[in-house]
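**Q** pasted the sequence and its predicted model underneath.
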Amino acid sequence: MDTLPLAATGDDAGPLTSAQLRELYSLMVAVRHLDTSAIAWQRQGIIPGYAPELGQEAAQVGSGYAVDTTRDFVFPTYREMGVARTMGVDMVGYMSTHKATWHGGLYDPVESRLAPIQAVVAGSVLHAVGWAHGQTLDQKDGVALTYFGDGASSQGDVHEAMNFAAVMKAPVVFFVQNNGWAISVPTDRQVAGGSVAARAAGYGMPALQIDGNDVVAVVEATRRAFAHARSGNGPVLIEAMTYRRGPHSTSDDPGRYRSLDEERDGAGEDPLERLRQRLLADGMADEAFFADALAAAKAEEEQIRTGIQALGPRPGAEMFDLVFQETTPALQAQAANWREESEHV
Amino acid sequence: MSNSILASGTAASTDAAGDNTAENTAPASAGTVMSMQQALNRALDEVLAENPKAVIFGEDCGRLGGVFRITDGLQAKHGAQRVFDTPLAESGILGMSVGLAMAGFHPIPEVQFDGFAYPAINQIVCQIARMNYRSRGTLPMPITLRVPSFGGIRAPEHHGESLEALFAHVPGLKVVSPSNPHEAYHLLKYAATRPDPVIFMEPKSRYWQKGEVDPTRHDADGGSPAGAKVMREGRHLTLVAWGAMVARCLQVAELAAEDGIDIEVLDLRWLKPIDAAALAASVRKTRRAVVVHEAPLTSGLGAEVAQLITQSCFDTLRAPVERVTGFDVPYPSGDLEDEYIPNIDRILFGIQRVLEYKRG
């Protein structure tokens, strides 16, 4: 499905250069390696839990690649590590949420342009609409990019967000990662009509349903959507069809709801392997490049793991100090009691 | 879900409470006589003029000026960018407020009637209340959520609820309710300049009651709108109330005075944070207290107030703190409303229970 009008001018930028394609590959390898490592960290007791994204690297890296962090803002749920990495977010700060150091992560959302991680998966979709409308009111040209999945698309807030955005012509890109599974429930038991993209028509909003395992298609679609929204034409919906190859979280057991054969059939082509073949076929990269990319990913993962392991618990006082901008006497009293009773004075 | 079936004319002409306590609540200094609706409207007008980042939005608050006309004329004066109508969806309105706050605005959204805050509870509790904490203070939520609140206007179901305990229980929210036009003007102006989310509960049964408003100063003594306020001095017992119940308690105090009982009326104003110091000061003086609220009894704010009093005044209390409240029933239809909302007789009985208390 592609109901997004072609841009009249060359706003979409040109085709990806070979350097950009190589950069995308390096990003995807870094994300793949960090993602699989994070599962290992959980097994090793370094972090208590993690939400893997194996198989969604192209959807995340490709869409995050289109973000202009000098003016756009991104609204994630809890499975957008690849987006964060692509945007250049501090990954120790990002992973700290999975270390259970601080809900929302320790990275600076204002500086990084990535809203805090959160688990009420349709909640942030509305925030994107409000932020985007703020751009209109301020006569700025920032675009809000909001991520959610096939499961979240069942929530009413997604409908309200799309309706609000379309009525107000808010510059929002709704990026649906349809990974086939909302924990144990497959898309055909989750999304009536089988597609989130089809719903866009009801809001008078253009939509693109794309192969979410093709990073080039994802970059191009997201750039087109950004150009459309940035030009004042209102929101766009992108549904990237992909597959969650791993469990929902490190606590999940996919064996209870799908077989290995189903996983193999559903997963389709590996997004990394796909780009690798393309780079090889076009003579843009050689084995040495791939080896270097993997080595860089390993070095990066080691650095992040060291950072995570070095993170101590947050000072307990923050629990009280960060509730409000202007604290209350009751909170001050509770903090004082806590200090005294915990001998933390 | 929340398309109001209550016309504003009905609200304007209905005042089941029937209280008129302008003479009791006017500040000492000279001011203008206006209704609470006008006072709130004036406060919003000034907030928009003083803060270019303040924006007002919700259902029907643009061209119509709100079903209660609180935003009357503001769109015409400040423009449709500053005061605008949204689609009919409370979660959308409140979720949008989060994003606007993240973009540097001071949103002043309206939920048309208290019962329609329920569809937005997720955004209020999981998002507005937590974003400052979640973001470690980098994304403050200076959102002033106006909620026409409480009963007393014989409205249909969900058009009259008392949600203060629900909101006050949520970490990250602050809750305030004005009791007369002067308080409404100052408390709204104060709330709308705070950097934290404030649930502003407007007693809709008082919208059309008039009183003197002195815009130049909040209290006769120049005090701050940040805490509780003694609305009537007394020696024998403290009535603690907020919102529409303050006027009723002032009436009760007048009646009790005829029997020689000298009652102090404390307008709590802030339901979170509660001004525990003012509460203690009043009850340490009178040594007896009755809390009056429209919300159901069980786990209501009356329990919180009673505990705060017990903690600070146990040694001086002459009787357990009494509560006169609504009942643990869904908010009833208009015909039963007068049985549900604490009335003068029930409050007097509560006072009597305290005054006649004998240690077992």
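**A** Yes, it's here.
**Q** list the residues that contact the residue nearest to the spatial centre of chain B.
**A** Closest to where the C-alpha atoms of chain B average out (C-alpha atoms, centre = their mean) is B:S177, at 1.9 Å. Listed by C-beta atoms under 8 Å, 6 or more residues apart in numbering or on different chains, the contact set of B:S177 reads B:S149, B:E164, B:F200, B:M201, B:E202, B:P203, B:W242, B:G243, B:R269, B:L271. Where C-beta positions appear, they are placed from N, C-alpha and C, glycine not excepted.
**Q** excluding its backbone neighbours, what's nearest the second one?
**A** By the measure of C-beta to C-beta, 6 or more residues apart in numbering or on different chains, the closest residue to B:E164 outside its immediate chain neighbours is B:L271, 4.8 Å from it.
**Q** partner strands of whichever strand or helix holds the one you found, parallel or antiparallel?
**A** Element membership of B:L271 [criterion: DSSP states H and E] is strand B:270-272. Strand B:270-272 has the following strand partners under DSSP bridges: strand B:174-176 (antiparallel).
**Q** the strand it pairs with: what's the following helix or strand?
**A** Scanning forward in sequence from strand B:174-176 by DSSP H and E, the next helix or strand is helix B:181-191.
**Q** could you pull out the helices in the stretch 1-150 of chain A for me?
**A** Along the stretch 1-150 of chain A, counting by DSSP state H, counting those that start in this stretch, helices occupy A:18-44, A:57-65, A:81-87, A:91-95, A:109-112, A:123-137.
**Q** avg pLDDT for the longest one?
**A** Just to be clear, that refers to helix A:18-44. Across helix A:18-44, the average pLDDT comes to 98.
**Q** what's that helix packed up against?
**A** Identification of packing neighbours for helix A:18-44 by 3 or more C-beta pairs under 8 Å, 6 or more residues apart in numbering or on different chains; DSSP states H and E yields helix A:57-65, helix A:81-87, helix A:215-228, helix A:271-281, helix A:287-310.
**Q** go again with 7 Å.
**A** helix A:57-65, helix A:81-87, helix A:271-281, helix A:287-310 (3 or more C-beta pairs under 7 Å, 6 or more residues apart in numbering or on different chains; DSSP states H and E).
**Q** give me whichever of the ones you listed is most buried.
**A** Comparing these by mean neighbour count (mean count of other C-beta atoms under 10 Å in any protein chain shown), helix A:57-65 ranks first with a mean of 30.
**Q** on that earlier part again, from the contacts of B:S177, which land in strands?
**A** B:S149, B:F200, B:M201, B:E202, B:P203, B:L271 (DSSP state E).
**Q** show me the beta-bridge partners of the second one.
**A** Partner residues in beta bridges with B:F200, using DSSP bridges, are B:R146, B:V176.
**Q** check contacts around it.
**A** With contacts defined as C-beta atoms under 7 Å, 6 or more residues apart in numbering or on different chains, the neighbours of B:F200 are B:T144, B:L145, B:R146, B:V147, B:V176, B:L188, B:A191.
**Q** neighbour count and pLDDT added to those residues, as JSON lines?
**A** As requested, these are exported to JSON lines (neighbours: other C-beta atoms under 10 Å in any protein chain shown; pLDDT from 0 to 100):
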{"residue": "B:T144", "neighbour count": "27", "pLDDT": "98"}
{"residue": "B:L145", "neighbour count": "26", "pLDDT": "98"}
{"residue": "B:R146", "neighbour count": "27", "pLDDT": "98"}
{"residue": "B:V147", "neighbour count": "25", "pLDDT": "98"}
{"residue": "B:V176", "neighbour count": "26", "pLDDT": "98"}
{"residue": "B:L188", "neighbour count": "28", "pLDDT": "97"}
{"residue": "B:A191", "neighbour count": "26", "pLDDT": "97"}
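**Q** got the residues of the stretch 101-250 of chain A near chain B?
**A** Applying C-beta under 7 Å from any C-beta of the partner chain, we find that the stretch 101-250 of chain A lies next to chain B at A:102-104, A:108-110, A:116, A:118, A:120, A:123, A:126-131, A:133-135, A:137, A:156-157, A:160-161, A:163-164, A:167.
**Q** contact partners of the worst-scoring helix or strand of chain A on mean pLDDT?
**A** When each helix and strand of chain A is scored by mean pLDDT, DSSP states H and E, helix A:260-267 comes last, with a mean of 90. Under the contact criterion C-beta under 7 Å, 6+ apart, helix A:260-267 has outside partners A:G55, A:G180, A:Y243, A:R245.
**Q** and stretch A:121-133, how far out from the chain middle?
**A** Computed by C-alpha atoms, centre = their mean, to the nearest Å, the chain-centroid distance of stretch A:121-133 equals 14 Å.
**Q** oh, I was asking about stretch A:303-311
**A** With C-alpha atoms, centre = their mean, you get 22 Å for stretch A:303-311.
**Q** with stretch A:288-301 instead?
**A** Taking C-alpha atoms, centre = their mean, the mean C-alpha location of stretch A:288-301 is offset from the chain mean by 22 Å.
**Q** got it, and stretch B:126-137?
**A** Counting by C-alpha atoms, centre = their mean, stretch B:126-137 comes out at 24 Å from the chain centroid.
**Q** quick one: that stretch near chain A?
**A** Yes. Contact of stretch B:126-137 with chain A (C-beta under 7 Å from any C-beta) involves B:C126, B:Q127, B:N132, B:Y133, B:R134, B:S135, B:R136, B:G137.
**Q** which stretches of chain A have low pLDDT?
**A** A:8-13, A:344-345 (pLDDT under 70).
**Q** spatially central residue in it, please.
**A** Central residue of chain A (C-alpha atoms, centre = their mean): A:E80, at 2.6 Å.
**Q** quick one, phi psi at that residue?
**A** Recorded main-chain torsions at A:E80 are phi -120, psi 40, according to degrees, to the nearest 10.
**Q** where's it relative to chain B, distance?
**A** Per C-beta to the nearest C-beta, to the nearest Å, A:E80 is found 15 Å from chain B.
**Q** same thing with A:L280?
**A** The gap separating A:L280 from chain B is 43 Å, by C-beta to the nearest C-beta.
**Q** without its sequence neighbours, what residue ends up closest to that residue?
**A** A:D286 (7.6 Å).
**Q** residues touching the closest residue to A:T3 other than its chain neighbours, list them.
**A** Once flanking residues are discounted, A:T3 sits nearest to A:P206: 4.6 Å by C-beta to C-beta, 6+ apart. A:P206 makes contact with A:T3, A:L4, A:P5, A:A200, A:H228, A:V236, according to C-beta under 7 Å, 6+ apart.
**Q** and if we set it to 6 Å?
**A** Going by C-beta atoms under 6 Å, 6 or more residues apart in numbering or on different chains, A:P206 touches A:T3, A:L4, A:V236.
**Q** how about A:H228?
**A** By C-beta under 6 Å, 6+ apart, the residues touching A:H228 are A:V236.
**Q** now A:A51
**A** A:Y78, A:R79, A:S249.
**Q** next, work out how far apart the last one and A:A38 are.
**A** In this case it means A:S249. 11 Å (C-beta to C-beta, to the nearest Å).
**Q** now swap in the second one and tell me
**A** Spatial separation of A:R79 from A:A38 under the definition C-beta to C-beta is 12 Å.
**Q** hey, what's in contact with both of these two?
**A** By C-beta under 6 Å, 6+ apart, A:R79 and A:A38 have no common neighbours.
**Q** elements contacting the longest strand along chain B?
**A** If you go by DSSP E, chain B has its longest strand at strand B:289-296. The contact analysis (3 or more C-beta pairs under 6 Å, 6 or more residues apart in numbering or on different chains; DSSP states H and E) places strand B:289-296 against strand B:237-241, helix B:301-313, strand B:322-326, helix B:344-355.
**Q** which of the residues in it are buried?
**A** Neighbour counts over strand B:289-296 (16 or more other C-beta atoms under 10 Å in any protein chain shown) mark B:A289, B:V290, B:V291, B:V292, B:H293, B:E294, B:A295, B:P296 as buried.
**Q** what does that strand contact?
**A** With C-beta under 6 Å, 6+ apart as the test, strand B:289-296 has contacts from B:150, B:162, B:165, B:238-241, B:245, B:249, B:283, B:300, B:302, B:305, B:309, B:321-326, B:328, B:341-342, B:347, B:350-351, B:354.
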